[in-house]
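K.L.:
Fold the stuff below for me.
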Amino acid sequence: MKLFVQELLLKTYALIVRTGVLETRAGRRLFAGAYNLYKLLLEACEIRFLRAYVKPGEVVVDVGANVGFFTRRFAQWVSDGGFVIAIEPEETNFRNLLRNLDRYHLAAAVRPFQGVAAEAPGTLKLEINPIHPADHKIGAEGVDVTAYTVDGLVRQEGVSRVSLMKIDVQGAEERVLRGAGEMIARDHPVIFIEMDDTGLRKMDSSAQRVIDLLTEANYEIRHFSKAGKPELISIETALGLCADGRYTDLLFVPVVA
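P.N.:
Here you go, the predicted model:
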């Protein structure tokens with residue numbers, strides 16, 4: 001059912017894009033409202049359980065912020081001195097992210113960066129998907145985009161501790177993690193990842209490699225049950241959930257010694 005709804009919405013989005021409606025203020029507002037409702041009801045309803053891992057005054061990193069569905073909520077949670085480092089590469093998404101932050105009076109709690117997160121700083125190519133606003137990805141061809149490392153941004157922004165990192169980057173998850181190694185070793189943040197083995201393999205990675213990287217860093221894996229609560233699962237179960245073209249949200253929680 002969820003996959004059917006997603007496919008229907010993407011077809012509808014493709015038709016709307018061709019009309020030019022999304023270039024208008026009313027069109028953008030309508031799309032923003034529909035997107036927010038879709039995320040809340042279908043794709044990210046478990047977001048409320050992430051709040052337990054974020055306290056006022058802490059720092060969150062949002063890699064693949066898109067138009068700010070997660071960023072906005074993180075910014076509300078870290079009020080009272082905390083902030084969000086939000087990274088989004090695609091130009092239209094980034095503009096809408098800034099608009100949403102202004103609309104909800106959250107700009108002061110977010111430090112936005114237009115670019116991708118990877119294993120090294122520099123310039124990479126971003127493949128743009130014109131009919132899917134959340135499917136832009138690092139590729140061999142595309143538009144030039146600034147590449148940051150999470151470690152570099154954490155140092156640049158003077159962060160003392162990151163409590164949560166969310167990653168949704170269409171197969172580049174391993175690249176993000178390798179550019180965040182110092183921060184992960186120092187802070188042991190909870191890490192929330194949307195993972196798809198097929199997408200990872202297109203980037204010369206795999207779900208197994210991502211999971212190995214984090215379990216070796218002393219993380220355990222949790223998955224959101226039908227009731228929404230994060231439940232401990234095995235590596236084998238996690239691999240099965242994101243196999244065969246499926247994607248799933250996995251929560252990596254540091255094991256307390």
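
K.L.:
And for Thr215, nearest residue in space, chain neighbours not counted?
P.N.:
Nearest non-adjacent residue to Thr215, counting by C-beta to C-beta, 6 or more residues apart in numbering: Ile235, 6.8 Å away. To be clear about C-beta, it is placed using only N, CA and C from the backbone, and glycine gets the same treatment.

K.L.:
Tell me, how many residues neighbour the one you found?
P.N.:
Other residues near Ile235 come to 14 when the count uses other C-beta atoms under 10 Å.

K.L.:
So for it, what's the pLDDT?
P.N.:
Listed pLDDT for Ile235 reads 97.

K.L.:
Next, find the distance separating it from Val63.
P.N.:
Per C-beta to C-beta, to the nearest Å, Ile235 is found 23 Å from Val63.

K.L.:
Over to Asp168?
P.N.:
Going from Asp168 to Val63 by C-beta to C-beta gives 7 Å.

K.L.:
Have a look at those two and say which one is more surrounded.
P.N.:
Legend: neighbour count by other C-beta under 10 Å for Asp168 and Val63, higher for Val63 (28 against 22).

K.L.:
ok, that one - contacts?
P.N.:
By C-beta atoms under 8 Å, 6 or more residues apart in numbering, the residues touching Val63 are Ile87, Ala117, Val150, Met165, Lys166, Ile167, Asp168, Val169, Val176.

K.L.:
Check the gap between the second one and Asp168 for me.
P.N.:
This means Ala117. Counting by C-beta to C-beta, the gap from Ala117 to Asp168 is 11 Å.

K.L.:
And what about the residue lying closest to Arg201 once chain neighbours are set aside, helix, strand or coil?
P.N.:
Closest residue in space to Arg201, ignoring its immediate chain neighbours: Gly171 at 7.8 Å, by C-beta to C-beta, 6+ apart. Under the three-state scheme (DSSP: H, G, I helix; E, B strand; the rest coil), Gly171 adopts coil.

K.L.:
neighbours of Gly171, just the number please.
P.N.:
Gly171 is flanked by 22 other residues according to other C-beta under 10 Å.

K.L.:
cool, Val176 as well?
P.N.:
For Val176, using other C-beta under 10 Å, the count is 26.

K.L.:
secondary structure element for it?
P.N.:
Assigned by DSSP states H and E, Val176 falls within helix 173-178.

K.L.:
For that helix, which helices and strands make contact with it?
P.N.:
strand 162-167, strand 190-195, helix 207-216 (3 or more C-beta pairs under 8 Å, 6 or more residues apart in numbering; DSSP states H and E).

K.L.:
which one of those lies closest to Glu231?
P.N.:
In terms of C-beta to C-beta, the element of the helices and strands packed on helix 173-178 nearest to Glu231 is strand 190-195, at 14.6 Å.

K.L.:
Quick check: buried residues in the closest one?
P.N.:
Within strand 190-195, the residues scored as buried using 16 or more other C-beta atoms under 10 Å are Val190, Ile191, Phe192, Ile193, Glu194, Met195.

K.L.:
List just the nearest of the residues you listed to Thr248.
P.N.:
Comparing these against Thr248 with C-beta to C-beta places Met195 closest, at 6.2 Å.

K.L.:
beta partners of the closest one?
P.N.:
Beta-bridge pairing for Met195 (DSSP bridges): Thr248.
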